[in-house]
Each structure stands twice: as C-alpha cells, then as structure tokens.
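S.K.: with the sequence up front, the predicted model follows.
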Protein chains: 2
Amino acid sequence: MPRRRTAPPEERREQLILATIRCVANFGLADTTIATVAQEAGLSQGIINLHFQSKEGLLTETLRYLADEYRTACQDAAAAGEASPAAGLTAMVELDFRRNICARDKLAVWFAFWGERKFRPTYRRICAERDKSYDGMVRVMCARLCEQGDYPDVDPALVADGLSALTDGLWLDLLVRPESMSRELAKRISLSYLADAFPKHFRQPPPAGKG
Amino acid sequence: MPRRRTAPPEERREQLILATIRCVANFGLADTTIATVAQEAGLSQGIINLHFQSKEGLLTETLRYLADEYRTACQDAAAAGEASPAAGLTAMVELDFRRNICARDKLAVWFAFWGERKFRPTYRRICAERDKSYDGMVRVMCARLCEQGDYPDVDPALVADGLSALTDGLWLDLLVRPESMSRELAKRISLSYLADAFPKHFRQPPPAGKG
DNA sequence: CATGCCAATGAATAGTCGTTCATTCATTGG
DNA sequence: CCAATGAATGAACGACTATTCATTGGCATG
C-alpha cells in the first residue's frame, strides 16, 4: 500500500519524532539536522517547520515524548509501591532496565539532552519534571520501607539518592560501553544495592558465575 | 604588566584549553564556537587554528587535558591501594569528589563529550582509556578486599561496576542539580555504598541530620 | 468529473561558523 | 638601531543549515 501522501497531524508528528530519535542515536545531536531527520523519515525538509514551527520545537517535543513515555511507565511501579514499598522499588528497577525504556537509541537521546539541559530552559524543565517524579517516588518508597521494615540506622534519603544516581550511571554504561554492561547486569547491580541497604527485604540475586 | 604579545606555545595552548572549558560550561558545547573561545581567551580567532589546526583539535585536546588531570590524580589513590585495598577505595571516593576534579565547569565538559563520544572515535578513545584505568583500579581493589577481608558472598566485580556507575551518576547530579547534591553528600553516599558492601572495613559515615 | 482545500514539497534565502591568509608587530640577534 | 623571524591578527571566503514560501498534487465534496 502506497503511504498516503497526507496523514493525520499526530501521525506525522510521531513519525518525525521517531526519526529524530534514530538520527540523534546514529549521528549525534551535533550532526542531527533538519535534512537528516527529514531524510530519515522519508519526507521533505519543509515538513518539520510545518509541524513543529522550528528545529528547536522538534527537539523539545522529542524530549517530551521520551519523558512522557517514562512517566507513564512509572505509574505501574507507583501502583506496586502502594501495596508494598519493597515491591515498588523492585518494580522501579525492572522499569528502568526494561528493554523498551533503556533502548540504546533512547539512551543516546537522553544523554545528548542532558549535556545541553543546563543551557536550555525548556530541556531543563522537562528533565526536572521527570527527575522530580522519579526521585519523589523512590524517596517515599525508601522512607516507608525504613519505617515499616524497622531499619533505624538507615537514612532513607541517602539510599534513595544513591539509587537514582546508580541508575543514571548504569544507563550511561549501557550507552557507552554496551560490551561490558547489559540490562541484566544492571538489574543485578541495582538489586544488589537494595539488598545491601535493606537486607531483610531483598534477596541477594544469584551470583554471575557458574552455579 | 601588559601581557606579552608572544607567549610560549604551551602557555597559549593551555590558555585556550581553559577558555574552552569555561565556554563549554557557560554556553554548552553547541554554542561553543571558535569566536566565543577566542573572545573568552582574549585572543583572536585565527590563533586556534594556528595552535590546534582545527576546532576539532582544540576540543580533543581539551578532553585529553581533563583525562590526563584525572589520571594523574588517580595515581595517588593507586598508591594508597597498594598498602590497603580499603584505603585505596576510600582514596578513590575522595578523589572523585575533590573540588578540583569535579568542579562544575569540568563536569559540564565531561558530560558534553560523553553525549558525543559514541560518534567521535577520538573522544571515544580518550574516554575509554580513562574508564579502563579507573575501572581496572576499582576492580582490583574490590577483588583484593574480598580475598583478604573474607567476603565469600560478595561478587567484587559487581561491587566495582556499581561503584563506577554510582560515581558517574553522582557527577551528573552535581552538574544538573547542584541545589540538591553536594560533594559532601556524594561522598557520604559513596562511602555508605562501600560500607554496605564491605561492612567489616568501612564505618558508616555519620548521619546527615543533627547529631 | 470538476473544484477547493491544504498537506507536502524543495528550491531559494539569509545567517552562522570554521578556515584561510595577507598583514601587523613584538621580540631577538647582530 | 636595524633587519629577520614568526606569533598573532581579523577580514574575507566558502560551506553548511534553518527557515521561508511559491508551487504541486492528493483527497474530499458536490
């Protein structure tokens, strides 16, 4: 079926956003131009300004697309956390290293924007929203687990901040050194972190080697 | 004293590299141009091609400058690790969050280049060298500590990879959310991670609140 | 089938940036 | 003090890229 020449705006927008993700992942943000995105999408140059007003608009919407996707996925983990904080934290780890969430293409986009977020208020706002909801959830879960699980010596904020940072660092490894970091290994490291912090609630994952 | 119009090449090169770091930190990599760097250094545009052949050369040398600085600092920690693995790991944490090493300007440069390293073989090589020496040191220290300290259930590679990732994540926090992350807090989180992994060798750092 | 609408095109435009190079001038040796 | 050297300059050039807009052509309507 020959693709319809005119498509609903929402469809075109997503088509262009996905092309942008592929371009940033394949060429880098610096070499992602209107021309490369349009070519990647199989459309003409002019269409980007038609649908997004400017290149900046396209990039902003691309970031928001990823942020929304992440936030939607977070809701499930939040639900799990209602029932039990430990289950919620496990769900967060599962989420962060789910194939769809930390696909290399998407990680490349996240880090490309992270490098620029200090200088673009719009990027900063979108990233800050995501951080806030993520960090907030993890903090609440850690705090509740400390209370309910009787961990008087554990500082829940410290553990929460550590988990957030650990996750970001593992994402970076997944992006830049895929040969020595996998989603499975990243999960094991994260769960091991939680097991050390909350030994009564997390079982040590099985060791890597033969067993 | 009016600055000498002609300076030794090494001096000019460093002057330009430091200007580049400030530009990347203040404007972002995308808005760091030959013109902004030259102006920041108080010199003319042409001088960059004179000393570095190309803009790419300047950026590469800037990255190498930071990598060398980091690697030099690592040597001290390595020495401490010879005597005792635990002391070596502590030294690594101290090092990573030393004011000079994780100054915000420098972190901005690191992350700007990390976003591009997938696409520039030269950046990738420089970063990979740094990673290799860092990760190698941490791995060796963790392995030795596991043996000598009698931690049969601890997977040293897992702890080492976790510490590397945690450090990267904390650096990211220091860069993009300085209001909620400090060098002191980052150190506490890292040491707390080590204390959980190797409880016999690391004392829990004092809690954050009033004591 | 004829018509009007508007998504989509892509060539043209304007602006930016990296690079070049003829020129200037501080410094050094005689 | 004069001449030679080469570091440093900055205007000019060429390449590239985001944006614009006159034109094209698919699609719905009557």
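M.R.: Sure, I can see it. The structure displayed is predicted, hence computed values, not measured ones. Residues are numbered from 1 along each chain as shown, chains lettered A, B, ... in the order given.
S.K.: only C-alpha atoms for contact and neighbour calcs from this point on.
M.R.: Fine.
S.K.: am I right that residue A:154 is in contact with residue A:197?
M.R.: Yes - counting by Cα atoms under 8 Å, residue A:197 is a contact partner of residue A:154 at 7.5 Å.
S.K.: neighbour count: those two, which is higher?
M.R.: residue A:197 (23 against 18; other Cα atoms under 10 Å in any protein chain shown).
S.K.: for DNA strand C, see how far away the more buried one is.
M.R.: As judged by Cα to the nearest atom of the strand, to the nearest Å, residue A:197 and DNA strand C stand 47 Å apart.
S.K.: hang on, residue A:109 packs against residue A:24?
M.R.: Yes - applying Cα under 8 Å as the test, residue A:109 and residue A:24 come out as touching, 6.1 Å apart.
S.K.: which of those two has more residues huddled nearby?
M.R.: residue A:24 (26 against 23).
S.K.: hang on, the more buried one packs against residue A:32?
M.R.: Yes - if you go by Cα under 8 Å, residue A:24 and residue A:32 touch, sitting 5.9 Å apart.
S.K.: and the closest residue in space to residue A:88 that isn't next to it in sequence, what helix or strand is that in?
M.R.: In space, and not counting its chain neighbours, residue A:88 is closest to residue A:81: 3.6 Å by Cα to Cα, 6 or more residues apart in numbering or on different chains. Assigned by DSSP states H and E, residue A:81 belongs to helix A:55-83.
S.K.: next, the angle helix A:55-83 makes with the following helix or strand past that helix.
M.R.: Following helix A:55-83 in sequence order, the next helix or strand is helix A:85-96 (DSSP H and E). Orientation check (axes from the mean of the first three to the mean of the last three Cα atoms, to 10 degrees): helix A:85-96 against helix A:55-83 gives 150 degrees.
S.K.: which residues does helix A:85-96 contact?
M.R.: A:73-74, A:76-82, A:101-102, A:138, A:141-142, A:144-145, A:167, A:187, A:190-191, A:201-202 (Cα atoms under 8 Å, 6 or more residues apart in numbering or on different chains).
S.K.: quick one, phi psi at the residue lying closest to residue A:12 once chain neighbours are set aside?
M.R.: Leaving aside its sequence neighbours, residue A:12 sits nearest to residue A:51 (Cα to Cα, 6+ apart; 8.0 Å). Reported as degrees, to the nearest 10, the phi and psi values for residue A:51 are phi -100, psi -20.
S.K.: I'd assumed residue A:13 was in contact with residue A:51.
M.R.: Yes - counting by Cα under 8 Å, residue A:51 touches residue A:13, with 6.7 Å between them.
S.K.: name the residue in those two with the higher neighbour count.
M.R.: residue A:13 (19 against 15).
S.K.: contacting residues around the more buried one?
M.R.: residue A:51.
S.K.: within the helices and strands, which one has it?
M.R.: Judged by DSSP H and E, residue A:13 forms part of helix A:9-27.
S.K.: check whether that helix contacts DNA strand C.
M.R.: Yes - Helix A:9-27 is in contact with DNA strand C by Cα under 7 Å from any atom of the strand, via A:9, A:12.
S.K.: just checking, next helix/strand downstream of that helix?
M.R.: Downstream of helix A:9-27 (by DSSP H and E), the next one is helix A:34-41.
S.K.: that next one packs against which elements?
M.R.: Packing contacts for helix A:34-41, counted by 3 or more Cα pairs under 8 Å, 6 or more residues apart in numbering or on different chains; DSSP states H and E, involve helix A:9-27, helix A:46-52.
S.K.: quick one: the shortest one near DNA strand C?
M.R.: Yes - against DNA strand C, helix A:46-52 shows contacts by Cα under 7 Å from any atom of the strand at A:46, A:47, A:50.
S.K.: measure residue A:44 to DNA strand C for me?
M.R.: Taken as Cα to the nearest atom of the strand, the span from residue A:44 to DNA strand C is 4 Å.
S.K.: wait, that residue sits on residue A:36?
M.R.: No - judged on Cα under 8 Å, residue A:44 makes no contact with residue A:36 at a distance of 10.0 Å.
S.K.: so which of these two has more stuff around it?
M.R.: residue A:36 (18 against 14).
S.K.: residue A:77 and DNA strand C, how far apart?
M.R.: From residue A:77 to DNA strand C the distance is 37 Å (Cα to the nearest atom of the strand).
S.K.: then residue A:119?
M.R.: 14 Å.
S.K.: kindly report the same for residue A:165.
M.R.: 32 Å.
S.K.: is the closest residue to that residue other than its chain neighbours in a helix, a strand, or coil?
M.R.: Leaving aside its sequence neighbours, residue A:165 sits nearest to residue B:169 (Cα to Cα, 6+ apart; 4.0 Å). The three-state label given to residue B:169 by DSSP: H, G, I helix; E, B strand; the rest coil is helix.
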